[in-house]
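A.B. asks: structure for the following, please:
(chains A and B)
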Amino acid sequence: MNLRLILTYVILAAASLASLYPALWILLSSFKTGTSLYSETLLPQGLTLDHYRELLSGRKYDYLLWFRNTLKVAVFSTLFGTFLTLLGSYAVARFRFVGRRYGLMGLLVLNMFPGFMSMIAIYVFLLQLNLLNSHWALILVYSSGSFLSNVFVAKGFYDTIPRSLDEAARIDGATNWQIFTRIMIPLSKPMLTYVSLVIFNGAWVDFIFAKLILRTGDKTTLAIGLYDMVSRFNSTDFTIFAAGAVLLAVPVMILFIWLQRFLVDGLTAGAAKG
Amino acid sequence: MNWNRSTKAAALSALWMGAGQLYNRQYMKGLTLTAVGAAAVSWGAAGLIRRLHGLITLGTAPRQMVKTGNQFRMTDGDHSIFLMIDGLIALMILLLLAGLYVFSIRDAKRQACRTERGERLETFRESLLALGGRHFPYLILALPLIAALFLSVLPLLFSILLAFTDFAAPNLPPAKLVNWVGLQNFTNLISLRSWSRTFFGVFGWTVIWTLLSTVTTYFGGMVLAVLIHQPDVKFKALWRTLLVIPFALPNLVSLLIFRNLLNNQFGPVNQTLRLLGLEGLPWLTDPFWAKVTVLAVNMWIGVPLSMILISGVLTTIPRDLYEAATVDGASAWQRFSGITLPLVLFTTAPILIMQFAGNFNNFNVIFLLTEGNPAISDYQYAGGTDLLVTWLYKLTLNNRQYNMAAVIGILIFIIVASLSIINYRRSRSYREEEMSA
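C.D. replies: Presented below is the predicted three-dimensional model:
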């Protein structure tokens, strides 16, 4: 074995260790007795499920309520967002109509504003109108935002479906509506899966917008709940936080590892095709 | 002038929406459009002028105490922000109506032309059916467009307008009126010492952060990808899986973990260092070290994605290129710098620009890790690691400096838009778009 190869393995091992360490640390902390985030030994002495029990019992933190709130927001945002993306991207990809070019340009420009600049305007509206602290406001914001950020990826997908397909169907007498619902939507399944998973994941862990709009404890989502748990000045429940983080992260990680292929495809497709 | 049928129909529709259609004997369509026209006129007469006036003045009557009898009572003054939103909505409805108006004129003319050519008139049923045919794209676009219009465009216009007002604490409605101040906020940002010091400080750090964070994650990912890609390295899949874990862990969780790991007093990192007899570092509380920390943590989060992307590119480079180079006596470094690097850079350039723009606005890493802190004494509402985008957030949420936040938003837009335009013009879809449209 030569020096180059040894060095390679050393670097890869060090990088892998660095990658794993925080994840392992939070996993071990969640099973550790006590509340401290430091232990003298690498492996904790006492293992316990108390922190998970504590979280799910809801004595100190309303974890289950946060979970329900997050699920509600994420599910409805995914439904609306995917629906809007489907309609909008299909229209701009498959049809040539008056105003299309300007519409596309407008969408691009909208995407260039800092994501939450319109969000902050919505916050000012809602604040003035006393409508802050509503899940539905959050859902509307997520769905319209996800339409804007996904429409080009979805358009890129439709651009790859050959036109001869709808032309043939049209010759056979299919209406636009039939082509859309019977041919295009079934063909779009991979894209729709990708888009809806991205939207769901975004809503599941989003912190910024939720923090902006949701104000009271009964509306809190998982992201805000976890953030508040450790960012308060005198917070000491690190092991409970660890358990909460594990519960939040595991589904997302599974989703991500499964999604990884689509995600990279989507990114490269987005880069190459706009 | 020769007044043929189509000119007459168009002129009638121009006079009153739907009149041309009635003239064409398309009664259902004509009546519908006439009714819409009447509704529009009555809506316009009722409040259009008042609403647009409100948008221009932002209110004239402040809230004040009025003596009625021998009691003082607070009157409700004008609420500038409501007036502004009302005015904007009125403007948007006006634009939509103008579109419908133009449509009705063109439609009247087109239908009259058909009669002139001796063709049969389109029945109302057929007009409706055209929604599923010729007008299908408009039909399915309606919903996404309305959502974008009211949840993105309108708020955006509103926040752009805010940049030209004095809407900031303590000058807040309904107690006070908001006024237009022109470019005052922009000049204040540059010339007022308290603002300009913060602005240039934050802007400078934002640029440094953007450059360093993009370059470090990109080349970090490239090093790992190239190392794994070497033909004689074993367990390729295992290394990739291990190294991709930070990418799969949600940002929110990993950043909060790092925030705890690196805590000065209780953090395991410093406690371990102390155990080894070392001082420990002020990871998140010293302006310089906090900057180093956010860059390092960002690398931890960002390297895996670059690694995956570049690995993908590496597999597409033909083996014989390297073999030819080896035959010609090129060293490993020469092969890397002469073949791998240019090819990878060329392929990933658009992604690199996208990441650049993304890092410029990387809210999560900064806010979840440091909240923009540590505080810096002569900064206006900003800390040592604040980017423009987190400063904007703090100005809005914590300090209610809405007008300045809007100014910064516009500046961010200008920078990101320039980057995106460069990127878009390079991309293939733009060129294809040029050809097909």
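A.B. asks: where do the strands sit along chain B?
C.D. replies: With strands called from DSSP state E, chain B shows them at B:64-68, B:71-75.
A.B. asks: no wait, the stretch 51-200 of chain A
C.D. replies: For the stretch 51-200 of chain A, strands defined by DSSP state E, counting those that start in this stretch do not occur.
A.B. asks: and for the residue lying closest to residue B:90 once chain neighbours are set aside, the neighbour number?
C.D. replies: If the residues on either side of it in the chain are set aside, residue B:90 comes closest to residue B:51, at 4.0 Å by Cβ to Cβ, 6 or more residues apart in numbering or on different chains. Any C-beta I mention is one placed from the backbone N, CA and C, and that applies to glycine too. Residue B:51 is flanked by 21 other residues according to other Cβ atoms under 10 Å in any protein chain shown.
A.B. asks: one step back: just send the strands of chain B back as JSON lines, with mean neighbour count and distance to residue A:179 too.
C.D. replies: Listed next are these as JSON lines, based on neighbours: other Cβ atoms under 10 Å in any protein chain shown; distance: least, Cβ to Cβ, whole Å:
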{"stretch": "strand B:64-68", "mean neighbour count": "9", "distance to residue A:179": "63"}
{"stretch": "strand B:71-75", "mean neighbour count": "10", "distance to residue A:179": "60"}
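A.B. asks: the residue nearest to residue B:90 against residue B:92, yeah?
C.D. replies: No: in this structure residue B:51 lies outside contact range of residue B:92 using Cβ atoms under 8 Å: 11.1 Å.
A.B. asks: confirm for me that residue A:224 is in contact with residue A:215.
C.D. replies: No: using Cβ under 8 Å, residue A:224 is not in contact with residue A:215; the gap is 10.0 Å.
A.B. asks: what about those two, which has more around it?
C.D. replies: residue A:224 (21 against 14).
A.B. asks: helices and strands around the host helix or strand of that one, which ones?
C.D. replies: Residue A:224 belongs to helix A:222-231 when elements are defined using DSSP states H and E. The contact analysis (3 or more Cβ pairs under 8 Å, 6 or more residues apart in numbering or on different chains; DSSP states H and E) places helix A:222-231 against helix A:63-94, helix A:189-205, helix A:208-213, helix A:238-273, helix B:251-261.
A.B. asks: so how far is that helix from its chain's centroid?
C.D. replies: When distances are taken as Cα atoms, centre = their mean, to the nearest Å, helix A:222-231 is centred 17 Å away from the chain's centroid.
A.B. asks: just the buried residues of it, please?
C.D. replies: A:222-227, A:229-230 (16 or more other Cβ atoms under 10 Å in any protein chain shown).
A.B. asks: got it, and stretch B:409-422?
C.D. replies: B:409-413, B:415-417, B:419-420.
A.B. asks: quick one: mean pLDDT over that stretch.
C.D. replies: Averaging pLDDT along stretch B:409-422 gives 85.
A.B. asks: kindly report the same for stretch A:211-231.
C.D. replies: Mean pLDDT, stretch A:211-231: 87.
A.B. asks: cool, stretch B:272-279 as well?
C.D. replies: For stretch B:272-279, the per-residue pLDDT averages 83.
A.B. asks: endpoints of it, how far apart?
C.D. replies: This stretch, stretch B:272-279, spans 10 Å end to end (Cα to Cα, to the nearest Å).
A.B. asks: also stretch B:270-287?
C.D. replies: Terminal residues of stretch B:270-287 lie 17 Å apart, using Cα to Cα.
A.B. asks: run through the residues that contact residue A:228.
C.D. replies: residue A:220 (Cβ atoms under 8 Å, 6 or more residues apart in numbering or on different chains).
A.B. asks: ok, now how distant is it from chain B?
C.D. replies: 11 Å (Cβ to the nearest Cβ, to the nearest Å).
A.B. asks: next one: residue A:122
C.D. replies: 5 Å.
A.B. asks: which residues touch that residue?
C.D. replies: A:137, A:141, B:151, B:155 are the contacts of residue A:122 under Cβ under 8 Å, 6+ apart.
A.B. asks: for those residues, which one is nearest residue B:170?
C.D. replies: Set against residue B:170, the nearest of the contacts of residue A:122 by Cβ to Cβ is residue B:155 (23.9 Å).
A.B. asks: okay, now that closest one: neighbour count?
C.D. replies: Counted with other Cβ under 10 Å, residue B:155 comes out at 24.
A.B. asks: and for the one 4 residues further on?
C.D. replies: The local packing of residue B:159 (other Cβ under 10 Å) involves 26 other residues.
A.B. asks: contact partners for it?
C.D. replies: Taking Cβ under 8 Å, 6+ apart, one finds A:117-118, A:120-121, A:124, B:405-406, B:409 in contact with residue B:159.
A.B. asks: find the nearest non-adjacent residue to it, please.
C.D. replies: residue A:121 (4.1 Å).
A.B. asks: and if you look at residue B:194?
C.D. replies: Going by Cβ to Cβ, 6+ apart, residue B:194 has residue B:380 as its nearest residue, at 5.2 Å.
A.B. asks: I figured that neighbour hits residue B:198, correct?
C.D. replies: Yes: taking contacts as Cβ under 8 Å, residue B:380 lies within contact range of residue B:198: 4.2 Å.
A.B. asks: contacting residues for residue 110?
C.D. replies: Going with chain A. A:148, B:148, B:152-153, B:156.
A.B. asks: wrong chain, I was asking about chain B
C.D. replies: Residue B:110 touches residue B:6, counting by Cβ under 8 Å, 6+ apart.
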